[in-house]
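**Q** need coordinates for the following:
(one chain, ligands or ions: 1)
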Amino acid sequence: MRLDKFLADMGFGTRKEIKKALKKNPVLIDGRPIKDGSYPVDEDTIVYIDDQPISYIKYEYYLLNKPQGYVCAITDNRYPVVMDLIESWRHDLVPVGRLDLDTEGALLITNDGDLNHRLLSPKHHVQKKYYVEVEKPLPANAGDQFSQPMDLGDFVTQPAVFEAIDDTRAYLTITEGKFHQVKRMFEAIGCPVTYLRRESFSILTLEDLETGQYRALTANEIELLQNQ
Ligand code: URA
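**A** Numbering: from 1, shown residues only. Here you go, the predicted structure:
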C-alpha cells in the first residue's frame, strides 16, 4: 500500500493532510527520510514519526453494549447509529449483524470482513443469549415449545435453549439471527416482549460493560472467534 494510506488508516489525518505534513516533516523508513505519500510500504513496515515507531494495525475489534435508540448501521436518516459510539478514525468498521432499535446488548464491531461473514453465516451456528422480559406470565411449557422447531411463517426455527428466571423473565439462546427472531418466538407463545438485551454473542459476554460503553477485544478473544 502507499505510505499515505498506511498513515491515514493509523489516524494521522486525511491523505491530503498527510501529503502536506510529509513535505514539512519526512518520516523515517528503514533509516531513510521519506517525503512522498506514494512511497510503497506493507503491513510489516515500521514508520518512524519524530522517533516514534508506528506499526500498521489491520483490524480492529470492539464489543459494544448497545443502548436502546441506536440503529445498527453506518448511517441513518432518523436515529443515531451505533458507530457514533465508537471513537475510531477508521471508516471501515461495521456492526456484525443487527439488534433492533429498542434492543440493548452485546454487539461486535470490526473491520475484519472475513470474520464478520463467518460469524453471520448460518453454517456456523453462533450462539446468542438474550435476556427477555415479557408482558404476560410465561407458560410452564415455554422451554418445550422453544426446544422444538417453531413455524414462524417465513421460516422454521432451530431448537433454542430457554431458561426461566421467574414468570415474566427468562434467557433464550438461539443459533440463528432472523429478523425480530426472539420477539417473534415469544409472540408465538403468547408473550410479547417488553425488554430485550443480548447477554452474549459467541464467546463475548457483556459482564460489567455498561450500556453505551465498549471495549477492545483481547487477542485471546479474537483468536477464539476466528476458530469458531
Ligand atoms: N431478536 C429480536 O427480536 N430482536 C433483536 O434485536 C435481536 C434478536
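**Q** show me what counts as buried in the helix or strand that contains F6.
**A** In the assignment (DSSP states H and E), F6 maps to helix 3-9. Neighbour-count burial for helix 3-9 flags L3, D4, F6, L7, A8, D9 (criterion: 16 or more other Cβ atoms under 10 Å). Heads up, the C-betas are built off the backbone N, CA and C, glycines and all.
**Q** how about these in TSV, adding pLDDT?
**A** Listed next are those as TSV, based on pLDDT from 0 to 100:
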residue	pLDDT
L3	97
D4	95
F6	94
L7	95
A8	91
D9	88
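**Q** just the CA coordinates of the helix holding F6, formatted as PDB?
**A** This file holds the C-alpha atoms of helix 3-9, laid out as PDB (Å, rounded to 0.1, in the frame of the first residue of the first chain):
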ATOM      1  CA  LEU A   3       2.600   5.400   2.700                       C
ATOM      2  CA  ASP A   4      -0.300   8.000   2.800                       C
ATOM      3  CA  LYS A   5      -2.900   5.200   3.200                       C
ATOM      4  CA  PHE A   6      -0.800   3.500   5.900                       C
ATOM      5  CA  LEU A   7      -0.700   6.800   7.900                       C
ATOM      6  CA  ALA A   8      -4.400   7.600   7.200                       C
ATOM      7  CA  ASP A   9      -5.500   4.200   8.400                       C
END
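**Q** average model confidence for the following helix or strand past it?
**A** Next along the chain after helix 3-9, taking DSSP H and E as the criterion, comes helix 15-24. Mean per-residue pLDDT for helix 15-24: 94.
**Q** stretch 218-228 too?
**A** 94.
**Q** can you check stretch 52-64 too?
**A** Here the average pLDDT along stretch 52-64 is 95.
**Q** okay, how far is it across that stretch, tip to tip?
**A** 30 Å (Cα to Cα, to the nearest Å).
**Q** and it, does that touch the ligand?
**A** No. Stretch 52-64 is not in contact with the ligand by Cβ under 6 Å from any ligand atom; minimum separation 13.6 Å.
**Q** picking up where we left off before, hmm, who's touching the helix holding F6?
**A** Applying Cβ atoms under 8 Å, 6 or more residues apart in numbering, the contact partners of helix 3-9 are 13-15, 18-19, 22, 27, 29, 34, 36-41, 45, 47, 54, 56, 90.
**Q** narrow those to those that are buried.
**A** The buried subset of these (16+ other Cβ under 10 Å) comprises 18-19, 22, 27, 29, 34, 37, 39, 41, 45, 47, 54, 56, 90.
**Q** could you dump those residues into JSON lines with secondary structure added?
**A** Output for the buried ones among the contacts of helix 3-9, formatted as JSON lines (DSSP: H, G, I helix; E, B strand; the rest coil):
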{"residue": "I18", "secondary structure": "helix"}
{"residue": "K19", "secondary structure": "helix"}
{"residue": "L22", "secondary structure": "helix"}
{"residue": "V27", "secondary structure": "strand"}
{"residue": "I29", "secondary structure": "strand"}
{"residue": "I34", "secondary structure": "strand"}
{"residue": "G37", "secondary structure": "coil"}
{"residue": "Y39", "secondary structure": "coil"}
{"residue": "V41", "secondary structure": "coil"}
{"residue": "T45", "secondary structure": "coil"}
{"residue": "V47", "secondary structure": "strand"}
{"residue": "I54", "secondary structure": "strand"}
{"residue": "Y56", "secondary structure": "coil"}
{"residue": "R90", "secondary structure": "coil"}
